[in-house]
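Novice: Attaching a predicted model along with its sequence, questions to come.
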Amino acid sequence: MTCTETRDLFSALADDALTPAERAALDAHLAGCADCRRELAGLLRTVKLVRAIDPARAPAGFVDRVRAAARPEPAPKRLARRLRAPWQTLPLGAAALFLIAGLAVLLFRGSHEQQQAARYQPTTPGPAAQAPTAAPRETGSSATTATRESTPAAPPARSRKLETAKNRVEQPAPAEPRAETTAKGGSPPRDTAPAAPEGRRAKVDSSERAQAPAGERFSSTAEDARADATTDAAKEGKLRQEPPAFQSPPPFGASRVAPSVAAKSQTMPQVAPLSRTGPMTGVPAAAPDVSAHLRVPDVTLAELSLIELAARVGGRQTGRRIDGGRVVVELAVPRDAYAQFVREATALGSLSIERQATERPVLAVTVTVSN
Amino acid sequence: MREALGADPPGLLERLRAGEPRAFEELVTAYQHRVFGVALRMLGSRAEAEEIAQEVFLRAYRALADFRGDARLGTWLYGIASRLCLNRLASPDRRVARGDAALADVPAATPDAAAAAERAELDAALRAAIAGLPEDRRLVLVLRDVEGLSYEEIAEALALDPGTVRSRLHRARLQLKEKLERFA
C-alpha cells in the first residue's frame, strides 16, 4: 500500500469506518512510515478540534414561532385563504365579477326610481345631490349591492369594497387570529362562514378595477358609469387614507346630505360615504359585531373623534346613517385593537355597549351617537 | 459533537400523519436544535439560520402526507435543511458573506486568560477554515463532526452514495488540517 492510498483511509479511520482488511493494510503501512504516522496524528487532531465545537441550540421561542407559522387549517379555511389572495384566482374572479358588476349596472340603470330610492336624503336634498356626478357613484354602489346580496353573512364593513388586494397583503392580521381559533378548537362553522364571502368580495374588489377598461367592451351603456365609479372609488380610497382633519369641523348640513360630492371636494374628507345598508336604501344591514351608544354633548365632534379613533387603531369608517334621528357611525375595528378602541371611546362621552361579539378578526362596530 | 441521532420518537410519525397538532410541536421540539445547528454552521448568521430552520419545519409540515417513512424523521429533516442551506448559499442575492461567523458561538471554555486567548485564536482559525471549505464538503463535515451523523445517515439525508460521503468528508478534513497546521 502506498502513502497516498494509506492517507485516503485516515478519515475513515477517525470514524472507525474501515473494513478489517483496510485496517490491517493501514496498520502495516503505518508501522514502517513515520511520515504517514505524522500525517495521521495531524488529521486526528483536526477532527478532534471540529468535534469540540459545541452543538448549536435553536433560539428561545423557536418552537412557538414555527407552530404559529404552521397552524393547521381545515380545508375550507385554506380555500378561503386562497380566495382572499385574489391574484391567485384572478381569471376566475374577473369572470365572476363581470357577470355580477355588469348585471348590477344594467339593472340599476334601468330603474331611475330605484336610484332615487337608494339615494339618501332624509330631509332637504342639497343641490349637489342632484348633480350629475352623483349618478356614477350610485351606480357603483349598486354593483356592490348585488355583491352583498349574494353574501348575506357579510358584515356591514362596507369600505372593504374599496380595499385593494395590496391592502390585504399589508394587513395580514385577520388571517392569523382565525387560524388560532382553529388550532384551539377545531373549526367552528360560524368562524368559517364569513371567511368565504370575504374572499369572494376580495376577488370582486381587485378584479373590478383591473377589468374596468374591459367593461367598455362588455357593456357600452355602462361604460361611462363604470369608469367613473372606478375613479370615484379610487378617489374615495385615497381620501380615506388621509388622516381626518380636525381643525375645522364642518357643519352638519349640506355636505352630509350629499356626501359623495362633499368628499370629492376634499373639504371634509373625514365624512364617510353614506351607509348603503339599512332602511334608507332598502338593503338590510347585517348585524354588527358590536353595537354601542355614545352620549355626548357635541354629536358632530364625537362622530369625528370616533372616526379618527378607528383610524388610529388600524380600523376605518365603513358608513354612517341616521336612525330615528340619531347619527349611527359604522366602523371596522381590528379585534386586537378593540380594547383600546373601547377605552378611548369611553373618554369621548358616556359609552354603553349594547351588543358585543368579538369572534371575528375585524369587528363591525356601530356606534349610535346622540346627546 | 452532538449525540447520535438515534431512532425516531416512538409513534411520532403515525401521530404526525394523523394530523395531531401536538405531534408537530413534538417534532419541532425534538429536532429544532439539530436543524438550527446545521443551518447555523452552513450559513453563519443566527437570523438567517432561524429563518431557514423555520422553513425546514414548515416544508416538513406540508410534506408530511408524502413522507414515505423509509427514512427516519431526523435524517429527513437534515436532508431538507441541507437542501435549503445549499439553495440559500447559491442564491445570487445573498448578502451575508459565505460561512462568515459560522462558528460565532463557539464558547471559550478555558478560565486561564492565556489559554482563553489561544483558544479564541484557534476558534477564529477553525471558523475561517470551515467557512472556507467548498459547500458540499462543509455540509458533510458539519453533519458528521458537528451534528454527529453516521456515514449512512448522511448518505440518506443527502441522497448520496456512502462512498461519496466518505471521500467528501476526507477531503474536507484534509483541507482543514492544512489550514490549521500551525495549531497542530
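Specialist: Right, received. Where do you want to start?
Novice: Quick one: low-confidence residue ranges for the chain.
Specialist: Looking at chain A here, since you left the chain open. Applying pLDDT under 70 to chain A flags residues A:72-98, A:103, A:105-286.
Novice: hm, I was asking about chain B
Specialist: B:93-112, B:184.
Novice: what about the helices in it?
Specialist: B:12-17, B:21-43, B:46-63, B:73-90, B:113-131, B:135-141, B:151-158, B:162-179 (DSSP state H).
Novice: so which of these comes closest to A:P297?
Specialist: helix B:21-43 (52.2 Å; Cβ to Cβ). Using the backbone N, CA and C atoms, a C-beta is placed for each residue, glycine as well.
Novice: Let's see the closest one as CSV, backbone CA atoms only.
Specialist: Written as CSV, here are the backbone C-alpha positions of helix B:21-43 (Å, rounded to 0.1, in the frame of the first residue of the first chain):
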residue,chain,number,x,y,z
PRO,B,21,-51.4,19.2,16.4
ARG,B,22,-49.3,18.2,19.4
ALA,B,23,-47.3,15.8,17.3
PHE,B,24,-46.0,18.6,15.1
GLU,B,25,-45.0,20.5,18.1
GLU,B,26,-43.1,17.5,19.4
LEU,B,27,-41.3,17.1,16.1
VAL,B,28,-40.1,20.7,16.2
THR,B,29,-39.1,20.4,19.9
ALA,B,30,-37.2,17.2,19.2
TYR,B,31,-35.3,18.4,16.2
GLN,B,32,-35.1,22.2,16.5
HIS,B,33,-31.5,22.3,17.7
ARG,B,34,-30.3,19.9,15.1
VAL,B,35,-32.0,21.7,12.2
PHE,B,36,-30.9,25.1,13.5
GLY,B,37,-27.4,23.8,14.1
VAL,B,38,-26.8,22.6,10.6
ALA,B,39,-28.3,25.9,9.2
LEU,B,40,-26.1,28.0,11.5
ARG,B,41,-22.9,26.1,10.6
MET,B,42,-23.7,26.4,6.9
LEU,B,43,-24.9,30.0,6.8
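Novice: Just want the angle from it to helix B:113-131.
Specialist: Comparing the axes of helix B:21-43 and helix B:113-131 via axes from the mean of the first three to the mean of the last three Cα atoms, to 10 degrees yields an angle of 100 degrees.
Novice: Helix B:21-43: which residues count as buried?
Specialist: If you call a residue buried by 16 or more other Cβ atoms under 10 Å in any protein chain shown, then helix B:21-43 has these buried ones: B:23-24, B:26-28, B:30-43.
Novice: is any part of it close to chain A?
Specialist: Yes: residues of helix B:21-43 contacting chain A under Cβ under 8 Å from any Cβ of the partner chain: B:21, B:24-25, B:28-29, B:32-37, B:40-41.
Novice: same for that helix, what does it pack against?
Specialist: Other elements packing on helix B:21-43 under the criterion 3 or more Cβ pairs under 8 Å, 6 or more residues apart in numbering or on different chains; DSSP states H and E are helix A:62-69, helix B:12-17, helix B:46-63, helix B:73-90, helix B:135-141.
Novice: Residues touching the fourth one, excluding its own?
Specialist: So the one you mean is helix B:73-90. Contacts of helix B:73-90 with the rest of the structure, by Cβ atoms under 8 Å, 6 or more residues apart in numbering or on different chains, involve B:5-6, B:8, B:12-13, B:27, B:31, B:34-35, B:38-39, B:42-43, B:48, B:52-53, B:55-57, B:59-60, B:67, B:71, B:94, B:98, B:135-136, B:139, B:143, B:147, B:149, B:153, B:156-159.
Novice: A:V333: which element?
Specialist: strand A:326-334 (DSSP states H and E).
Novice: So for that strand, what gets flagged as buried?
Specialist: A:V327, A:V328, A:V329, A:E330, A:L331, A:A332, A:V333, A:P334.
Novice: for those, which one is nearest B:E178?
Specialist: A:P334 (59.7 Å).
Novice: check contacts around the spatially most central residue of chain B.
Specialist: Taking Cα atoms, centre = their mean, the centroid of chain B lies closest to B:V38, which sits 1.9 Å from it. When contacts are counted by Cβ under 8 Å, 6+ apart, B:V38 touches B:Y78, B:A81, B:S82, B:C85, B:L139, B:V142, B:L143, B:V146, B:E147.
Novice: hmm, 6 Å instead?
Specialist: By Cβ atoms under 6 Å, 6 or more residues apart in numbering or on different chains, B:V38 lies in contact with B:A81, B:V142, B:E147.
Novice: ok, now A:S370?
Specialist: A:R326.
Novice: Next one: it from A:K48, what distance?
Specialist: As judged by Cβ to Cβ, to the nearest Å, A:S370 and A:K48 stand 82 Å apart.
Novice: what's the answer for A:L331, then?
Specialist: 67 Å.
Novice: Kindly report the same for A:V290.
Specialist: 67 Å.
Novice: Looking at the two, which is more packed in?
Specialist: A:V290 (20 against 12; other Cβ atoms under 10 Å in any protein chain shown).
Novice: A:A357 is in contact with the more buried one, correct?
Specialist: No: using Cβ atoms under 6 Å as the test, A:V290 is too far from A:A357 to be in contact (7.0 Å).
Novice: just to revisit the earlier point, put the alpha carbons of the strand holding A:V333 into CSV.
Specialist: The C-alpha coordinates for strand A:326-334 follow below in CSV (Å, rounded to 0.1, in the frame of the first residue of the first chain):
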residue,chain,number,x,y,z
ARG,A,326,-79.7,59.8,15.6
VAL,A,327,-76.4,59.5,13.9
VAL,A,328,-75.1,56.0,13.6
VAL,A,329,-71.4,55.6,12.7
GLU,A,330,-70.4,52.3,11.3
LEU,A,331,-66.8,51.3,11.8
ALA,A,332,-64.5,48.4,11.2
VAL,A,333,-62.2,47.9,14.1
PRO,A,334,-59.4,45.2,14.3
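Novice: list the helices and strands it packs on?
Specialist: helix A:299-312, strand A:316-323, strand A:362-370 (3 or more Cβ pairs under 6 Å, 6 or more residues apart in numbering or on different chains; DSSP states H and E).
Novice: List the buried residues in the first one.
Specialist: The one in question is helix A:299-312. A:V299, A:T300, A:A302, A:E303, A:L304, A:S305, A:L306, A:I307, A:E308, A:L309, A:A310, A:A311.
Novice: Tell me who's in contact with B:A60.
Specialist: B:A60 touches nothing, counting by Cβ under 6 Å, 6+ apart.
Novice: Sorry, wrong one. I was asking about A:C36.
Specialist: With the criterion set at Cβ under 6 Å, 6+ apart, A:C36 makes contact with A:C3, A:T6, A:L30.
Novice: redo that, cut-off 10 Å
Specialist: A:M1, A:T2, A:C3, A:T4, A:T6, A:R7, A:F10, A:L26, A:H29, A:L30 (Cβ atoms under 10 Å, 6 or more residues apart in numbering or on different chains).
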